[in-house]
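Q: model the structure of this input:
(2 chains)
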Amino acid sequence: MKKFLSLALSASMATALLVGCGNSGNSTGSDNVDTSGELVWKIGGIGPVTGGAAQYGQGVENAIQLAVDEINAEGGINGYQIAFNFQDDEADAQKAVNAYNTLKDWGMQILEGTVTSGACAAVSAETNNDRIFQLTPSASSTSVTEGNDNTFQICFSDPNQGTVSADYIADNNLGTKIGVIYDSSDPYSSGVYQNFALEAQAKGLEIVATESFTQDNKTDFTTQLNKCKSAGADLLFLPFYYQEGSVVLTQADQIGYDPVMFGVDGFDGLLGVENFDVSLAEGVYLLTPFAADATDDATKSFVSSYEEKFGGTPNQFAADAYDGVYILKEAIEAAGLTPDASNEEICDALIAQIQQVNYNGLTGENMTWNDAGEVSKAPKAVIIKDGGYVSAE
Amino acid sequence: MGFLTYLINGLSLGSVYAIIALGYTMVYGIAKMLNFAHGDVIMIGAYLVFMTMTGSGMPVVVSIVISIICCTALGMLIEKVAYKPLRKATNLAVLITAIGVSYFLQNMALLIFGSNPISFTSVITWQGITLAGGQLKITGVTIITIITCLIIMVALMWFVKNTKPGQAMRAVSEDRDAATLMGINVNGTISLTFAIGSGLAAIAGALLCSSYPVLTPYTGSMPGIKAFTAAVFGGIGSIPGALIGGLLLGIIENLAKAYISSQLADAIVFAVLIIVLLVKPTGILGKQTKEKV
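A: Okay, here's the model as predicted:
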């Protein structure tokens, strides 16, 4: 009853908002000026700054701000400064669409977001409709890009993550009997799982237990863990976000079950859960394209200026987002665009241009994009040691 | 051995449902209303325990007592502000108000505590026991949850049966107008019911978050709905019904997860509920009330 009511209310609110914004989304030259009357690039961002995936949104917001400030200090893109506006969506699809409408009213020309897959799929349908170019730092599901020629990903896609995880486990002999727990109500989690299962079979890994949970049922994992334990799984593959990750690790410890834990990029942030006993995360593997302890100059300078400005170590979502701004800069410069172009012109030009880009960033060398919106780059494995993320190699 | 493990997990989950279901069932039985805000009082209770115990370093018992006192006050306040003025209004108006209070509490918690999840430190440090040569491990929190649930249930049944306020509760639930005529303070009795229900919510919150250690402003809402289901399952208005409904729900949910499909567990739980209600519309222990002409 309560669920139904809340759905009905949110639906009517969303409709009201859409109706309200029907006439205001068009961008004209006069929209794209800042308070001092100068022509600017209006780049919007959407992501969870609060809620269960807040660390991702915060990282993305901070990193985009960092990159925008750097670019503005150097003279902007094609001589025009960037104005940046970030909205919270709590990783919720409805709130993300509301945030998108807010940004459209503000006059956004390019969207760097959203951060999570479920919310992003809803927003990319809207941007495709409105012809606004969208580059998501971290929404990895194929549902984000499918049918939307204007949406591109900086993170590697779910199929890629699942496949690479299975390869990594097989190549490094981390486990022979594998248990999987995944979130069947989440496109990201089930997408990674499906491809993991296919590749695991090809690589001769034995999956002895496959368990799932849903958004409404994500606090009690003891039964799933017990089933994996009694099936004799010596490695658990856990393709979901860190909030549930902290619960799974705590409950596994309670029942005295200690297999190798292998998460994907959703586990990034695990060490930042308030009051979580980080010793439980010791030895957890996770797959991510970015390790803050890497010694190359680009990573070192990014990490130090991020720490100086916002405090705390940036995660891979921040690194993806930081790369995103520079990728946009490179594509816009190559296309020779100026901010007085219409959203549709910018969108079409960038769609063509980003496929020509070959970018070396924090999260990969020689990053290229295909027309499906997927990036090609290599993920790295990271292991949690002494309360920090360390490259597993 | 697997079966026993799943059964005990189910009992533990069911015990939490049962304690929450008590709050629903008592309020329904006496005030004839569905207090949908009950799940959110649980969440507030859990936050209070977290703040006093982990935040300020108070002993477990002290922090639980503080949480019980605050939740009791909160429950009475909600009743006074939101429900009492609507005592004569239609059931539907009160139901909508209860949903409103529930969202109010969730959003208040979002404002005060933020929506970042907190990993809850268990209030029970006892590791539990290991049986059958290490094959069967029962955690301390599971044992304490089941025992607490049974103690609360027995105490409440004794209270309702053998004390003056308990008799007043039964009288009000039987016939509110007649109880008024007999000199029973109906408002006081309803207030007391909310106080007891909300105090129990604080205990349920601490136990819920000790077993399933993640705390957000939405923590109470799903267990709240499940516990309401348990109350209906067992027969709403009946205290032993809440116990039976809660335990059965927990066990069915866990066994369905273990032996049928972890994806379908919720669907199976509600399918069982529908079947039970088709056969026995008032729930397992519900009383058939005759329409008064």
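Q: quick one, what contacts residue 223?
A: Looking at chain A here, since you left the chain open. Residues near residue A:223 by CB atoms under 8 Å, 6 or more residues apart in numbering or on different chains: A:211, B:6, B:9, B:254, B:257-258, B:262. Heads up, the C-betas are built off the backbone N, CA and C, glycines and all.
Q: my question was about chain B, not that one.
A: Counting by CB under 8 Å, 6+ apart, the residues that residue B:223 touches are B:16-17, B:20, B:39, B:42, B:208.
Q: tell me the secondary structure at it.
A: Following DSSP: H, G, I helix; E, B strand; the rest coil, the label given to residue B:223 is helix.
Q: circling back: looking at the contacts of residue B:223, which are in helices?
A: B:16-17, B:20, B:39, B:42, B:208 (DSSP state H).
Q: I'd like those residues as CSV, with pLDDT appended.
A: Below are those laid out as CSV (pLDDT from 0 to 100):
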residue, pLDDT
B:16, 91
B:17, 92
B:20, 92
B:39, 93
B:42, 94
B:208, 91
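Q: quick one: the residue positioned nearest the centre of chain A and residue A:193, what's the gap?
A: Geometric centre of chain A, nearest residue: residue A:138, 1.9 Å, by CA atoms, centre = their mean. Separation of residue A:138 from residue A:193 (CB to CB, to the nearest Å): 18 Å.
Q: show me the shaky parts of the stretch 1-150 of chain A.
A: Residues of the stretch 1-150 of chain A meeting the criterion pLDDT under 70: A:1-37.
Q: and residue B:240, what does it touch?
A: Residues in contact with residue B:240, defined by CB under 8 Å, 6+ apart, are B:153, B:157, B:234, B:285.
Q: skipping adjacent residues, who's closest to the first one in space?
A: So that's residue B:153. Distance criterion CB to CB, 6 or more residues apart in numbering or on different chains; nearest residue to residue B:153, sequence neighbours excluded, is residue B:243 at 5.0 Å.
Q: immediately after the helix or strand that neighbour falls within, which helix or strand?
A: Under the criterion of DSSP states H and E, residue B:243 resides in helix B:239-255. Sequence order places helix B:265-279 as the next helix or strand after helix B:239-255, per DSSP H and E.
Q: any part of that following helix near chain A?
A: Yes: for a cut-off given as CB under 8 Å from any CB of the partner chain, helix B:265-279 has contacts with chain A, namely B:265-266.
Q: what comes up buried for that helix?
A: B:265-266, B:268-269, B:272-273, B:276 (16 or more other CB atoms under 10 Å in any protein chain shown).
Q: export these to a markdown table and tack on distance to residue A:228 and pLDDT?
A: Converted to a markdown table, the buried residues of helix B:265-279 look like this (distance: CB to CB, whole Å; pLDDT from 0 to 100):
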| residue | distance to residue A:228 | pLDDT |
| --- | --- | --- |
| B:265 | 16 | 84 |
| B:266 | 20 | 83 |
| B:268 | 20 | 88 |
| B:269 | 22 | 86 |
| B:272 | 26 | 87 |
| B:273 | 29 | 86 |
| B:276 | 32 | 88 |
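Q: and residue 114, what does it touch?
A: I went with chain A, as the question did not name one. Residues counted as contacts of residue A:114 (CB under 8 Å, 6+ apart) are A:46-47, A:89, A:96, A:99, A:120, A:123, A:136, A:139.
Q: other chain: chain B
A: Counted by CB under 8 Å, 6+ apart, residue B:114 has contacts residue A:50.
Q: can you give me the helices for the chain?
A: Just going to use chain A. Using DSSP H, the helices found in chain A span residues A:2-21, A:54-73, A:93-106, A:117-130, A:158-171, A:187-202, A:222-230, A:242-254, A:297-310, A:316-335, A:343-354.
Q: try chain B instead
A: Residue ranges of the helices in chain B, as given by DSSP H, are B:2-31, B:38-49, B:60-78, B:91-113, B:140-162, B:164-174, B:176-181, B:186-211, B:221-234, B:239-255, B:265-279.
Q: which of these is buried the deepest?
A: Of all the helices of chain B, helix B:38-49 carries the top mean neighbour count, a mean of 29, counting by mean count of other CB atoms under 10 Å in any protein chain shown.
Q: for the helices of chain B, give me TSV that also has distance to residue A:40.
A: Converted to TSV, the helices of chain B look like this (distance: least, CB to CB, whole Å):
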stretch	distance to residue A:40
helix B:2-31	53
helix B:38-49	43
helix B:60-78	49
helix B:91-113	33
helix B:140-162	56
helix B:164-174	67
helix B:176-181	67
helix B:186-211	47
helix B:221-234	43
helix B:239-255	55
helix B:265-279	49
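Q: against residue B:220, how distant is the closest residue to residue B:40 other than its chain neighbours?
A: Nearest non-adjacent residue to residue B:40, counting by CB to CB, 6+ apart: residue B:105, 3.8 Å away. Distance, residue B:105 to residue B:220, by CB to CB: 8 Å.
Q: state the number of residues packed around residue A:283.
A: Residues contacting residue A:283 under the criterion other CB atoms under 10 Å in any protein chain shown number 11.
Q: how near is it to residue A:260?
A: Distance from residue A:283 to residue A:260, by CB to CB: 7 Å.
Q: now the stretch 51-200 of chain B against chain A: closest residue?
A: Nearest residue of the stretch 51-200 of chain B to chain A (CB to the nearest CB) works out as residue B:119 at 3.8 Å.
Q: residue B:42 contacts residue B:206, doesn't it?
A: No: the criterion here is CB atoms under 8 Å, and residue B:42 misses it with residue B:206 at 9.2 Å.
Q: residue ranges with poor pLDDT in chain B?
A: Applying pLDDT under 70 to chain B flags the ranges B:1, B:288-293.
Q: so which of the contacts of residue A:223 comes closest to residue B:124?
A: Closest approach between those and residue B:124, by CB to CB: residue B:9, at 15.7 Å.
Q: so the closest one makes contact with residue A:225?
A: No: using CB under 8 Å, residue B:9 makes no contact with residue A:225, being 9.8 Å away.
Q: point out the residues in the stretch 101-250 of chain B that sit beside chain A.
A: Residues of the stretch 101-250 of chain B lying close to chain A (CB under 8 Å from any CB) are B:102-103, B:110, B:114-121, B:137, B:139, B:141, B:211-214, B:216, B:219, B:221-222, B:225.
Q: show me what contacts residue B:128?
A: Residues in contact with residue B:128 (CB under 8 Å, 6+ apart) are B:137-143.
Q: which members of those residues are the farthest-apart pair?
A: Using CB to CB, the two most remote members of these are B:137 and B:141, lying 12.1 Å apart.
Q: need the contacts of residue B:223 in TSV with distance to residue A:53, can you?
A: Shown next, in TSV, are the contacts of residue B:223 (distance: CB to CB, whole Å):
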residue	distance to residue A:53
B:16	26
B:17	28
B:20	27
B:39	23
B:42	24
B:208	22
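Q: which of these sits closest to residue B:133?
A: Within those, proximity to residue B:133 (CB to CB) peaks at residue B:16, which comes in at 29.1 Å.
Q: now do the same contact list for the closest one.
A: Per CB under 8 Å, 6+ apart, neighbours of residue B:16: B:145, B:149, B:204, B:207-208, B:211, B:223, B:227, B:246, B:250.
Q: which residue, neighbours along the chain excluded, lies closest to residue A:271?
A: The spatially closest residue to residue A:271, leaving aside those adjacent along the chain, is residue A:278, at 5.3 Å (CB to CB, 6+ apart).
Q: count the neighbours of that neighbour for me.
A: 18.
Q: ok, now the one 4 residues further on?
A: Residue neighbour count, defined by other CB under 10 Å, stands at 13 for residue A:282.
Q: check contacts around it.
A: Residue A:282 neighbours (CB under 8 Å, 6+ apart): A:384-386.
Q: so which of the helices of chain A is the most packed in?
A: helix A:316-335 (a mean of 25).
Q: for it, name the packing helices and strands.
A: Packed against helix A:316-335 by the contact rule (3 or more CB pairs under 8 Å, 6 or more residues apart in numbering or on different chains; DSSP states H and E) you find strand A:41-47, helix A:54-73, strand A:110-113, strand A:133-136, helix A:297-310, helix A:343-354, strand A:359-361.
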